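A.B. asks: Sequence first, then the predicted structure, then my questions.
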Amino acid sequence: MRSIILGLAMVAASCAPAIEDAKAEQTRLPLATSPIQRCMNLGNALDSPRKEGEWGYTVRRSDMELLKDEGFDTVRLPIRWSTRMGSAPPYAIDAGFLARVDEIVRWAGEIGLNIIVNVHHYEELSERPDIHERRLEALWDQLAHHYATAPKFVIFETINEPYGAMTVKRTSALNKRLLDRIRQDNPDRWVILGTANWGNLDGLTKSSPPYDPRAILTYHDYSPFEFTHQGAFWAEPVRPTGVRWGSRKDIANMASDLDKALSAQNRFGMPVFVGEFGVYEEVPIAQRALWTRAMREGLESRGMGWCHWDFATTLKAYDLITETWLPEIKAALLE
Ligand code: BGC
């Protein structure tokens with residue numbers, strides 16, 4: 001008898017997660033339509049270590065107007081907060097820096113663009129999460145409060161490309177805590193949940209994101225890295241140049257990755273958005289354009305939104321010296 005009761009208790013216990021899952025399944029709404037379809041990263045501006053401009057780009061209102069005119073609906077603003085906030089409680093954000101972010105956010109609203117406010121290059125988090133998770137939570141408490149009454153064109157992104165000690169599991173748990181905190185002040189705002197493994201597809205497919213009808217999942221697609229980052233000075237080790245892309249096998253691999261992303265979208269019940277993709281500026285332009293177009297069309301044909309990295313620096317679509325678009329990249333993105 002005792003063993004029957006024990007057995008029943010064990011069966012009940014093992015059913016509990018299944019019942020929970022079924023409940024969660026029932027409360028899922030139909031897949032939401034993401035507000036982000038065509039987006040540009042205003043990269044290497046506010047994500048530089050100290051001063052906007054030191055990495056070659058300062059955000060200009062006129063650039064955002066240009067993007068809007070060309071048909072982009074969103075800009076992603078990579079922001080390095082970690083060097084512009086206190087290192088001990090209450091971890092206060094530098095007021096002057098926040099005012100600059102506010103100015104760019106205001107421009108987006110006036111121009112009619114969505115803007116993604118993210119947390120970029122928080123390397124200390126991936127190195128010492130035991131200390132920095134708390135600091136990131138305090139950062140999001142401040143941002144969530146600060147933008148609580150902002151219109152819905154302001155979109156949050158919890159964390160960019162965690163790696164190392166920020167494992168897939170740890171990142172999923174952190175996303176849940178951050179989302180819970182953000183939701184206290186921002187019940188309906190779109191929130192993009194950052195992805196571990198440097199934001200790659202594997203980090204997404206292996207994650208267990210909290211379900212939320214106003215959350216968006218993301219990954220970054222620079223695959224194959226040996227092609228997109230050949231010769232890029234910041235990739236360690238620097239990859240050999242001369243790598244070409246476009247064989248039947250290359251195209252099939254890209255399609256297979258995009259299909260995996262699409263199936264993750266269906267499995268998790270939240271839209272997937274490719275928050276970064278692009279090719280290093282030194283790669284021959286026809287090759288850059290070929291890959292960029294294939295990605296963009298592959299994403300659009302699957303109904304997934306995208307964000308090109310970046311506007312005007314190392315993987316550029318626009319040349320700041322001539323003040324003109326790179327026509328091949330512009331066409332690959334928009335035509
Ligand atoms: C990084 C950039 C880099 C880009 C392409 C981004 O996530 O923040 O610094 O240029 O990836 O490698």
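C.D. replies: Cool, got the structure. Residues are numbered from 1 along each chain as shown.
A.B. asks: In which helix or strand does the residue nearest the centre of the chain reside?
C.D. replies: Residue closest to the mean C-alpha point of the chain, counted by C-alpha atoms, centre = their mean, is residue 275 at 4.1 Å. Under the criterion of DSSP states H and E, residue 275 resides in strand 272-277.
A.B. asks: Residue 218 now?
C.D. replies: Using DSSP H and E, residue 218 maps to strand 215-220.
A.B. asks: buried stuff in the following helix or strand past that strand?
C.D. replies: Later in the chain than strand 215-220, the nearest helix or strand by DSSP H and E is helix 225-228. Buried residues in helix 225-228, defined by neighbour count with 16 or more other C-beta atoms under 10 Å: 227-228. For glycine as for every other residue, the C-beta is placed from the backbone atoms N, C-alpha and C.
A.B. asks: From the chain's centroid, how far away is helix 225-228?
C.D. replies: On the basis of C-alpha atoms, centre = their mean, to the nearest Å, helix 225-228 sits 19 Å off its chain's mean C-alpha point.
A.B. asks: Which other helices and strands does that helix contact?
C.D. replies: Packing partners of helix 225-228 (3 or more C-beta pairs under 8 Å, 6 or more residues apart in numbering; DSSP states H and E): helix 285-301.
A.B. asks: partner strands of the next helix or strand after the helix it packs on, parallel or antiparallel?
C.D. replies: Next helix or strand after helix 285-301 toward the C-terminus (DSSP H and E): strand 305-308. In the sheet, strand 305-308 lines up against strand 38-41 (parallel), strand 272-277 (parallel) (DSSP bridges).
A.B. asks: Can you get me the centre-to-centre distance for the strand holding residue 275 and its chain?
C.D. replies: Relative to the mean C-alpha coordinate of its chain, strand 272-277 is positioned 6 Å out (C-alpha atoms, centre = their mean).
A.B. asks: tell me the mean pLDDT for that strand?
C.D. replies: Mean per-residue pLDDT for strand 272-277: 98.
A.B. asks: any bit of it sitting next to the ligand?
C.D. replies: Yes: using C-beta under 6 Å from any ligand atom, strand 272-277 reaches the ligand at residue 276.
A.B. asks: coming back round to it: possible to save the strands paired with strand 305-308 as TSV with distance to residue 311?
C.D. replies: Formatted as TSV, those follow (distance: least, C-beta to C-beta, whole Å):
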stretch	distance to residue 311
strand 38-41	5
strand 272-277	12
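A.B. asks: of all those strands, which lies closest to residue 142?
C.D. replies: strand 272-277 (22.5 Å; C-beta to C-beta).
A.B. asks: which SS state does residue 310 fall under?
C.D. replies: Following DSSP: H, G, I helix; E, B strand; the rest coil, residue 310 is assigned to coil.
A.B. asks: how many other residues sit next to the closest residue to it other than its chain neighbours?
C.D. replies: Nearest residue to residue 310, sequence neighbours excluded (C-beta to C-beta, 6 or more residues apart in numbering): residue 43, at 3.3 Å. Here the count is done by other C-beta atoms under 10 Å, and residue 43 has 27 residues near it.
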